[in-house]
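**Student:** The following block contains a protein sequence and its predicted model.
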Amino acid sequence: MRTVPRPVVAVVAALLLAGGLAACSGSDDEPEADPTVSATPLSAYDATGVAIARADFCDRIPDAAVEAAIGKVDDTTYYGNGDTATITGDVEDVAHEFNCTFRGTSGAQARVWVFVPTVTKARAKALVADARSARGCRGVDGQGFGTPSTGVLCRTKAGTEASYRGLFVDAWLACSVSDPDRKAPAGPALEKAGNWCAQAASAAASE
């Protein structure tokens, strides 16, 4: 206290102590850095032996991963096994999968879903063939996103969709990123989908 006289040495010591405390606690006035998510190329993601949980995992997907895929988020839709949901187009049915859908203000959309029923390798091969032969689509390297796996690039009236899907042990996992631009470059679209799928698969993996 300034109203109490002290020896000079004591004052200096007090100032040094105060300075040390300020150095330790000075971050109180500094804004904390937002957590970031490093983009993991799908080619660097090791899916070997990864088991996918047949459960709700949407909340485990980092916000930064969603924003990297579609930009600012406008809407989200989740549904799980047994829920009545819009499966494709305007078709509503009882879902036998867990699905996370994120829509951006730009019209872009990121999805990830896992089938609840067990999928055999024979069934997985059929799913790969179906995806690669869909109208307006072409198959690309699955980059080890499960075994078997495939990548797919589709161009329709709705825009461009890049996706990866594959068998993780006995669970079928699929993920996609769509862009309303029908002429979106293939390379960046597949890269963005790959980064998204690596993050989504990590979130869906059994702990």
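**Tutor:** Received, thanks.
**Student:** Would you map the helices across the protein?
**Tutor:** 8-25, 63-70, 121-132, 186-204 (DSSP state H).
**Student:** Low-confidence ranges, the protein, go.
**Tutor:** 1-39, 81-95 (pLDDT under 70).
**Student:** one more time with 50
**Tutor:** Within the chain, the segments meeting pLDDT under 50 span 1-36.
**Student:** quick one: the strands in it?
**Tutor:** Using DSSP state E, the strands assigned to the chain run over residues 73-79, 84-88, 91-94, 97-104, 109-115, 137-140, 149-156, 159-168, 171-179.
**Student:** can I get the ones you listed in TSV with mean neighbour count and distance to residue 40?
**Tutor:** Glycine gets a C-beta too; all of them are placed from N, C-alpha and C. Below are the strands of the chain laid out as TSV (neighbours: other C-beta atoms under 10 Å; distance: least, C-beta to C-beta, whole Å):
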stretch	mean neighbour count	distance to residue 40
strand 73-79	14	20
strand 84-88	13	29
strand 91-94	10	33
strand 97-104	21	18
strand 109-115	23	15
strand 137-140	16	18
strand 149-156	20	16
strand 159-168	24	13
strand 171-179	25	13
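**Student:** of those strands, which approaches residue 190 most closely?
**Tutor:** Between residue 190 and those, the tightest spacing by C-beta to C-beta is seen for strand 159-168, at 4.8 Å.
**Student:** Export the closest one to CSV, keeping only CA atoms.
**Tutor:** Once non-C-alpha atoms are left out, strand 159-168 reads as follows in CSV (Å, rounded to 0.1, in the frame of the first residue of the first chain):
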residue,chain,number,x,y,z
GLY,A,159,-25.0,-29.6,-58.8
THR,A,160,-21.8,-31.5,-58.1
GLU,A,161,-21.4,-34.2,-55.4
ALA,A,162,-18.2,-35.9,-54.4
SER,A,163,-18.4,-38.8,-52.1
TYR,A,164,-16.5,-41.7,-50.6
ARG,A,165,-17.9,-44.9,-49.1
GLY,A,166,-16.6,-48.2,-47.9
LEU,A,167,-16.8,-51.2,-45.5
PHE,A,168,-15.3,-50.7,-42.1
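**Student:** how much does that strand deviate in direction from strand 109-115?
**Tutor:** Interaxial angle of strand 159-168 relative to strand 109-115 (axes from the mean of the first three to the mean of the last three C-alpha atoms, to 10 degrees): 30 degrees.
**Student:** Distance check, residue 182 against residue 55.
**Tutor:** In this view, residue 182 and residue 55 are 36 Å apart by C-beta to C-beta, to the nearest Å.
**Student:** Noted, bye for now.
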